[in-house]
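In: when you get a sec, could you give me coordinates for this:
(one chain, ligands or ions: 2)
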Amino acid sequence: MPDAGPLLDTHGRVHRDLRISLTDRCSLRCTYCMPEQGNEWLARESILSTDEIVRVATIAADAGITTFRLTGGEPLLRRDITEVVRRLAAVESPSGPVQVAMTTNGIVLAEKLDELIDAGLNRLNISIDTLRRDRFAALTRRDRIDDVMRGIAAAAASGLRPLKLNTVAMRGVNDDELQDLVAFALDHGAELRFIEQMPLDAGHTWNRSTMVTREEILESLSQRWELTPVPGRGGAPAERWRLDGGATVGVIASVTAPFCGACDRLRLTADGQLRNCLFSTHEFDLLPALRSGAADAELEEVLRRCVWAKLPGHAIDDPSFLQPARGMNAIGG
Ligand code: SAM
Ligand code: SF4
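Out: Residues are numbered from 1 along each chain as shown. Ligands and ions are numbered 1, 2, ... in the order given. The predicted structure is shown next:
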């Protein structure tokens, strides 16, 4: 294992993107992510402090990470979220300042957006699976679509670009809205990104038959637009297409067209566990080193070991596939 240079795994993949989960708490209870009730929350004392997050992020940036994506749970529920963004935006990697992105459900975004942008937020993904109030309430188990719409409107008006909207496509739930969701995104100057539903729900109820595949999404969109592939995907999870030669749409086909071979992502959970894959069943615990006065070099070694241990792919299709014990809200999407 190299002890300097970029974060490299045994398959030659260089890691540039650190997903930082700020909390496992959330203002919604999306069916594909969290249970309606009875979630086992992370222990409060294990949640990383902002100083601890910034320390790990700075060490990661020194080792070549160039983007921090803040996620959760709902990252905007973290009380000092603006401070977290401000401090992470000030981190430098050897190639220059890092980019700070966030994935949010948008619920309190309208109130917080100006201060987040002022603090240095560079990019935003907002999740929206349906445009219909009844469906939104059933899917998220909360009647909060108006708050999300205000958040999306604020983001559209802010000029923060690229702006992305995330939609998990689900059979019999929102598969009749795919074109409408794309049109909605276009109206807001945003790119819609469809995500294939993955086996990461807390109830372990994922079933391939309820997942809408990349092929089905493209089939639906091509009824309304001419789709032209956008070349140069690199390590990005989304494949992108131009719609009638203009604006773009993306599909993240983690299940039917996995992109593990180009994966450059590493995850830090809110309780200080490093994960080299969404689907990891093994984690690398940073807490003991972080809380026992270890030197930066020791923390960096844990980062490098975690990346080095990364498997070639997530193997959802393998009969031996095991869904991780944590739900998506506790991993960080
Ligand atoms: N709460 C924020 C949000 O919803 O945007 C951030 C965390 S959420 C876990 C990040 C992304 O993961 C969201 O776009 C959500 O739709 C997606 N997601 C959650 N569970 C998923 C699953 N089982 N399969 C695919 N995507 C999922
Ligand atoms: Fe909350 Fe995001 Fe999970 Fe929905 S997907 S329950 S908004 S963490």
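In: every contact and neighbour count from this point should use C-alpha atoms.
Out: Fine.
In: what's around Arg291, how many residues?
Out: Using other C-alpha atoms under 10 Å, Arg291 has 9 neighbouring residues.
In: apologies, that question was intended for Gly235.
Out: 18.
In: same deal with Asn39?
Out: 13.
In: ok, now Arg123?
Out: 17.
In: isn't it up against Ala101?
Out: Yes. Using C-alpha atoms under 8 Å, Arg123 is in contact with Ala101, at 4.4 Å.
In: ok, for the residue in the stretch 101-250 of the chain that ligand 2 sits nearest to, nearest residue in space, not its chain neighbours?
Out: In the stretch 101-250 of the chain, the residue that lies nearest ligand 2 is Asn105 (4.8 Å; C-alpha to the nearest ligand atom). Spatially, and ignoring its direct neighbours in sequence, Asn105 is nearest to Ser127 (5.1 Å; C-alpha to C-alpha, 6 or more residues apart in numbering).
In: in a strand, that's where Gly250 is, yeah?
Out: Yes. Applying DSSP: H, G, I helix; E, B strand; the rest coil, one finds Gly250 inside a strand.
In: any idea how far it lies from Leu227?
Out: 11 Å (C-alpha to C-alpha, to the nearest Å).
In: which residues do these two both contact?
Out: Trp241 (C-alpha atoms under 8 Å, 6 or more residues apart in numbering).
In: neighbour count: the two, which is higher?
Out: More neighbours surround Gly250 than the other of Gly250 and Leu227, with 24 against 20 (other C-alpha under 10 Å).
In: thought the more buried one was touching Arg240?
Out: Yes. In this structure Gly250 lies within contact range of Arg240 using C-alpha under 8 Å: 4.2 Å.
In: let's see the helix or strand hosting Ile117 as PDB, backbone CA atoms only.
Out: Per DSSP states H and E, Ile117 falls inside helix 109-119. What follows is helix 109-119, C-alpha atoms only, in PDB (Å, rounded to 0.1, in the frame of the first residue of the first chain):
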ATOM      1  CA  LEU A 109     -33.200  25.100   2.100                       C
ATOM      2  CA  ALA A 110     -35.100  28.300   1.300                       C
ATOM      3  CA  GLU A 111     -34.200  29.700   4.700                       C
ATOM      4  CA  LYS A 112     -30.600  28.600   4.700                       C
ATOM      5  CA  LEU A 113     -29.500  29.000   1.100                       C
ATOM      6  CA  ASP A 114     -28.100  32.500   1.100                       C
ATOM      7  CA  GLU A 115     -25.900  31.800   4.100                       C
ATOM      8  CA  LEU A 116     -24.700  28.500   2.600                       C
ATOM      9  CA  ILE A 117     -23.700  30.200  -0.600                       C
ATOM     10  CA  ASP A 118     -22.000  32.900   1.400                       C
ATOM     11  CA  ALA A 119     -20.100  30.300   3.300                       C
END
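In: ok, that helix near ligand 2 or not?
Out: No. Remark: helix 109-119 sits outside contact range of ligand 2, by C-alpha under 6 Å from any ligand atom, the gap being at least 12.5 Å.
In: so what does that helix touch, helix or strand wise?
Out: With contacts defined as 3 or more C-alpha pairs under 8 Å, 6 or more residues apart in numbering; DSSP states H and E, helix 109-119 has these neighbours: helix 81-89, helix 145-158.
In: what residues does the stretch 51-200 of the chain have near ligand 1?
Out: 71-74, 103-105, 126-127, 166, 168, 195-200.
In: sort out for me which of the residues you listed are in strands.
Out: Thr71, Thr103, Thr104, Ile126, Ser127, Asn166, Val168, Ile195, Glu196 (DSSP state E).
In: neighbours of Arg133, how many?
Out: For Arg133, using other C-alpha under 10 Å, the count is 14.
In: okay, now Gly96: neighbour count?
Out: Residues near Gly96, counting by other C-alpha under 10 Å: 10.
In: if the residue nearest to Asn105 is in a bridge, with which residues?
Out: With DSSP bridges as the criterion, Ser127 is bridged to Asn166.
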